[in-house]
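1. Sharing a sequence plus its predicted fold:
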Amino acid sequence: MSDSYDGQAGHFRVLVEHFSAFVSLSILETKLLAELAEAPRYHPPYRDLYVAGTAPPPSRMIVAGWACQYRLLPDGHRQIVSLKLPGDLVWPLLPVRLPSSCAVAALTELETVSALPLVEASVAADPAHPGLAHAVRVMAHLHDMLLYDQIVRLGRQTACGRFAHLMLELRERLSRVGLVDGDSFAMPLTQDVLADVLGFSVVHVNRTVQQLRRDGLLEIRNGTVTLSKPDDLQELAGWMPPSGGPAGPRPPKRPGRKD
């Protein structure tokens, strides 16, 4: 159970599992994902992929590692607005010319592949890959849902509720790419990063984790999170899975299209 770097086969598996969570893939669509997996780009940890005040580059998708989208405040504090996991688009789906108000940085070693063919399919009037086009539009919707969840976490939830909600979100997202084992998953985030996600101090993060551990709700050991009582965590967090799960019936085939 790891998002370790195991080459093109691992990258291809992440792409297939991620998109298969939303739609049934055709042979042509699977072939396109295999082609994308053949040309990964490496990004070292703790480096910005792009900075605030600049227009985001062409969209890419994470196939290994974790990143974050963040804003740096004048006093030096950082607020992470979203975590980027395997299967996620690193920057906006559609190309924009306006400068971004947030930066994106690698939190671990990171590998990405081009998402341009997926973006082109999502905006085409008659896409050659309708399943992938539909899945990318669902991903854009889910991105908005995750931002709404982050707003509610920071604005209204208790410390334990915030932490529980984030852990449940991570389990949900990582399960789409086969990186969850039962109710356990690897989480390569330091307490400093968790503090920047949840709007806590590092001391507050530590106290919250200890409280949840004493209550028997979760364990974090050697970089692995285990949700000991997921039902109780869901009640504590007021958890609702993000909408946009399995996409239902596949878009109709075009006449003469070969899958």
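-> Now that the structure is in, tell me what you want to look at.

2. Return the distance of whichever helix or strand Ala140 is part of from the chain's centre.
-> For Ala140, the element it lies in under DSSP states H and E is helix 130-156. For helix 130-156, the gap between its own C-alpha mean and the chain's C-alpha mean amounts to 10 Å (Cα atoms, centre = their mean, to the nearest Å).

3. Kindly report the same for stretch 19-33.
-> 19 Å.

4. For the helix holding Ala140, what does the pLDDT average out to?
-> Mean pLDDT, computed over helix 130-156, is 91.

5. Return the list of helices and strands in contact with the helix or strand following it.
-> Where DSSP H and E defines the elements, the next helix or strand beyond helix 130-156 is helix 159-175. Judged by 3 or more Cβ pairs under 8 Å, 6 or more residues apart in numbering; DSSP states H and E, the packing partners of helix 159-175 are helix 130-156, strand 184-186, helix 191-198, helix 202-214, strand 224-227, helix 230-237. For every residue, glycine as well, the C-beta is placed using N, CA and C.

6. before we move on, back to that, how about the helix holding Ala140: buried residues?
-> 130-139, 142-143, 146, 149-150, 153 (16 or more other Cβ atoms under 10 Å).

7. picking that back up, dump the helices and strands packed on helix 159-175 to JSON lines, plus distance to Lys84.
-> Formatted as JSON lines, the helices and strands packed on helix 159-175 follow (distance: least, Cβ to Cβ, whole Å):
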{"stretch": "helix 130-156", "distance to Lys84": "10"}
{"stretch": "strand 184-186", "distance to Lys84": "15"}
{"stretch": "helix 191-198", "distance to Lys84": "12"}
{"stretch": "helix 202-214", "distance to Lys84": "20"}
{"stretch": "strand 224-227", "distance to Lys84": "18"}
{"stretch": "helix 230-237", "distance to Lys84": "21"}
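
8. Ala64 - nearest residue in space that isn't next to it in sequence?
-> Excluding its sequence neighbours, the residue lying closest to Ala64 (Cβ to Cβ, 6 or more residues apart in numbering) is Glu111, at 4.3 Å.

9. what sits up against the strand or helix carrying the one you found?
-> Assigned by DSSP H and E, Glu111 belongs to strand 110-114. With Cβ atoms under 8 Å, 6 or more residues apart in numbering as the test, strand 110-114 has contacts from 5, 11, 15, 36-37, 39-45, 49, 58-67, 90.

10. Among those, which lie within strands?
-> Within those, residues falling in strands by DSSP state E are 41-43, 49, 60-64, 67.

11. Now list the buried members of the residues you listed.
-> Buried among the ones in strands among the contacts of strand 110-114 by 16+ other Cβ under 10 Å: 43, 49, 60-64, 67.

12. Reformat those as CSV; add pLDDT and distance to Gly216.
-> Output for these, formatted as CSV (pLDDT from 0 to 100; distance: Cβ to Cβ, whole Å):
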residue, pLDDT, distance to Gly216
His43, 96, 38
Leu49, 93, 39
Arg60, 92, 41
Met61, 95, 37
Ile62, 96, 33
Val63, 96, 36
Ala64, 96, 33
Ala67, 98, 32
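
13. Mind giving me the packing neighbours of the helix holding Ala140?
-> helix 7-20, helix 27-37, strand 78-84, helix 116-123, helix 159-175.

14. Please save the CA atoms from the last one in PDB.
-> The C-alpha trace of helix 159-175 is given here as PDB (Å, rounded to 0.1, in the frame of the first residue of the first chain):
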ATOM      1  CA  ALA A 159     -10.800  21.000  16.000                       C
ATOM      2  CA  CYS A 160     -11.600  17.200  16.200                       C
ATOM      3  CA  GLY A 161     -14.300  17.600  13.600                       C
ATOM      4  CA  ARG A 162     -12.000  19.300  11.200                       C
ATOM      5  CA  PHE A 163      -9.300  16.700  11.600                       C
ATOM      6  CA  ALA A 164     -11.800  13.800  11.300                       C
ATOM      7  CA  HIS A 165     -13.400  15.300   8.200                       C
ATOM      8  CA  LEU A 166     -10.000  15.700   6.500                       C
ATOM      9  CA  MET A 167      -9.000  12.100   7.200                       C
ATOM     10  CA  LEU A 168     -12.300  10.800   5.800                       C
ATOM     11  CA  GLU A 169     -11.800  13.000   2.700                       C
ATOM     12  CA  LEU A 170      -8.300  11.600   2.200                       C
ATOM     13  CA  ARG A 171      -9.600   8.000   2.500                       C
ATOM     14  CA  GLU A 172     -12.300   8.700   0.000                       C
ATOM     15  CA  ARG A 173     -10.000  10.300  -2.600                       C
ATOM     16  CA  LEU A 174      -7.100   7.800  -2.200                       C
ATOM     17  CA  SER A 175      -9.500   4.800  -2.500                       C
END
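
15. Sweet, I'm off.
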